[in-house]
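Colleague: Below: sequence and its predicted model.
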Amino acid sequence: MPISTARTLAFDILQLVDRGGYASDLLFARSTALDSRDAGLASEIVFGVLRFQSQLDHLIERYSGRPAARLDVEVRLALRMGIYQLRYLERVPAHASIDQSVELVKRARKRSAAGFANAVLRKVDRNPVEWPSRDIELAHPAWLLDRWDRQFGRDVATGIALANLHRPETYLRLPPGASPTKDLEPTNIPGCFRAISSDTHGFRIQDIGSQSIVPLLDLAPGLTFLDLCAAPGNKTAQALESGVHAIACDFHPSRLAPLKSLGIDLVTLDARQPLPFRRQFDRILVDSPCTGTGTLARNPEIKWRLTPSNIEELRQTQVLLLQRALEALAPGGKLVYSTCSLEQEENEGVVGGLALRQMRRIPGRDPGDGFFAAVIESR
């Protein structure tokens, strides 16, 4: 039986994610030649399996009597895909979900497990499940939920986790002078619109949380602007709408490539070291590398990889980045430090008492991804 293009792609991408890849990047790179239905199904399966991973593994054990972790990775992924389609997707025929998942096991050269996979999937039903623990029910690591409980309270933490289990809404950035269409809904951020349909009309996709950062800089024509961690360039492009003189920096030259079309100076540097500029800047944005725990709805694989030690390692880098940026801030200038992390160590723990004011966006409470930003003025 031939395997559908969408399921083949989803299976291959899930294997690459298991080896350290990122789902959104892989889907973008590999689905451009597919028709919209195949691309959509592949995306739905990949993100669904990653968002609900702990639930799916519990169901594997429930239906098979074996812990998912003890299965070969290819068998485990095929079962996750099959169970996700059978329990979570209403429009996919059951026979297709079962047969195609079994064929994926064979394609992965695990023919000896094909009968096992078939038997497991034929037991799957849609009956309500009494989950054995909160972390499995919410499909998040227990240690991460515990952190959010302490920081935000149990109700807000639960709301964050539930928001992360849903497909994020699409927001667009309209350049000055562009006219929104009828299927674009304005937001409280100028130039930011929520896409009601799947048609993006060629406008730049940029989450509303991301678009909330640049306005904090109070940009104006003629100001000098340094974007210290610029890639992929959405915030840089947004800043240029204000008529600033900009320089964009990043650690890897390849990550700066998408910014070439902006027509500004691009600098490859390690911002943990003293910056190579002779002048100081009126405005600086430090959109720091972080754990990304505010973006788990669109990057669900992060929650299964992250460890508490990663948070402290990143905090040390973030402190250095902020220190270097402050050295380059002109008298009377303004700096915004931001992350798409929910963790205090990466946010308040970095800016300390320097912040003039702070902003926080929380998934489940606020639209879009979670973000933290602190406004710092030179003294």
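Modeller: Yep, it's here. Numbering: from 1, shown residues only.
Colleague: Show the average pLDDT along stretch 37-46.
Modeller: Mean per-residue pLDDT for stretch 37-46: 96.
Colleague: Name the surrounding residues that touch it.
Modeller: Applying CB atoms under 8 Å, 6 or more residues apart in numbering, the contact partners of stretch 37-46 are 4-7, 9-10, 13-14, 17, 23, 27, 31, 34, 81, 84-85, 89. In this view, the C-beta of every residue, glycine as well, is placed from N, C-alpha and C.
Colleague: Just the buried positions in it, please.
Modeller: Across stretch 37-46, burial judged by 16 or more other CB atoms under 10 Å covers 38-39, 41-46.
Colleague: other SSEs contacting whatever helix or strand Q323 lives in?
Modeller: Using DSSP states H and E, Q323 falls within helix 308-327. Here helix 308-327 touches strand 281-287, strand 329-339, helix 348-351, going by 3 or more CB pairs under 8 Å, 6 or more residues apart in numbering; DSSP states H and E.
Colleague: where's the first one relative to the chain centroid, distance-wise?
Modeller: Here strand 281-287 shows a centroid-to-chain-centroid distance of 23 Å under the convention CA atoms, centre = their mean, to the nearest Å.
Colleague: how far off strand 329-339 does it point, in degrees?
Modeller: On the basis of axes from the mean of the first three to the mean of the last three CA atoms, to 10 degrees, strand 281-287 is oriented at 20 degrees to strand 329-339.
Colleague: What strands flank strand 281-287, and is each parallel or antiparallel?
Modeller: Strand 281-287 pairs in its sheet with strand 224-227 (parallel), strand 329-339 (parallel), by DSSP bridges.
Colleague: hey, which of the ones you listed is tucked in deepest?
Modeller: Neighbour counts (mean count of other CB atoms under 10 Å) averaged over each of these peak at strand 224-227, with a mean of 24.
Colleague: Render the CA-only coordinates of that one in PDB, please.
Modeller: Extracted in PDB, the C-alpha atoms of strand 224-227 (Å, rounded to 0.1, in the frame of the first residue of the first chain):
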ATOM      1  CA  THR A 224      20.900  55.600  15.200                       C
ATOM      2  CA  PHE A 225      19.600  52.100  15.900                       C
ATOM      3  CA  LEU A 226      21.600  49.000  16.700                       C
ATOM      4  CA  ASP A 227      19.900  45.600  16.600                       C
END
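Colleague: Give me the contact list for the helix or strand bottoming out on mean pLDDT in the chain.
Modeller: Ranking every helix and strand in the chain by mean pLDDT, DSSP states H and E puts helix 253-256 at the bottom, with a mean of 92. By CB under 8 Å, 6+ apart, the surrounding residues in contact with helix 253-256 are 230-232, 248-250, 266, 268.
Colleague: among those, which ones are buried?
Modeller: Buried residues within these, counting neighbours by 16+ other CB under 10 Å: 230-231, 248-250, 266.
Colleague: sorry, back to before: quick one, which of the helices and strands packed on helix 308-327 is nearest to R109?
Modeller: Closest to R109 of the helices and strands packed on helix 308-327 is strand 329-339 (CB to CB; 42.5 Å).
Colleague: so I83 sits right up against D57, yeah?
Modeller: No: I83 is beyond contact range of D57, at 9.4 Å (criterion: CB atoms under 8 Å).
Colleague: my guess is A297 is in a strand, correct?
Modeller: No: the assignment for A297, made by DSSP: H, G, I helix; E, B strand; the rest coil, is coil rather than a strand.
Colleague: From the contacts of stretch 37-46, which land in helices?
Modeller: Of the contacts of stretch 37-46, the ones assigned to helices by DSSP state H are 5-7, 9-10, 13-14, 17, 23, 27, 81, 84-85.
Colleague: want to throw the residues you listed into TSV with neighbour count?
Modeller: Shown next, in TSV, are the ones in helices among the contacts of stretch 37-46 (neighbours: other CB atoms under 10 Å):
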residue	neighbour count
T5	17
A6	22
R7	24
L9	23
A10	29
I13	26
L14	25
V17	22
A23	21
L27	20
M81	24
Y84	28
Q85	28
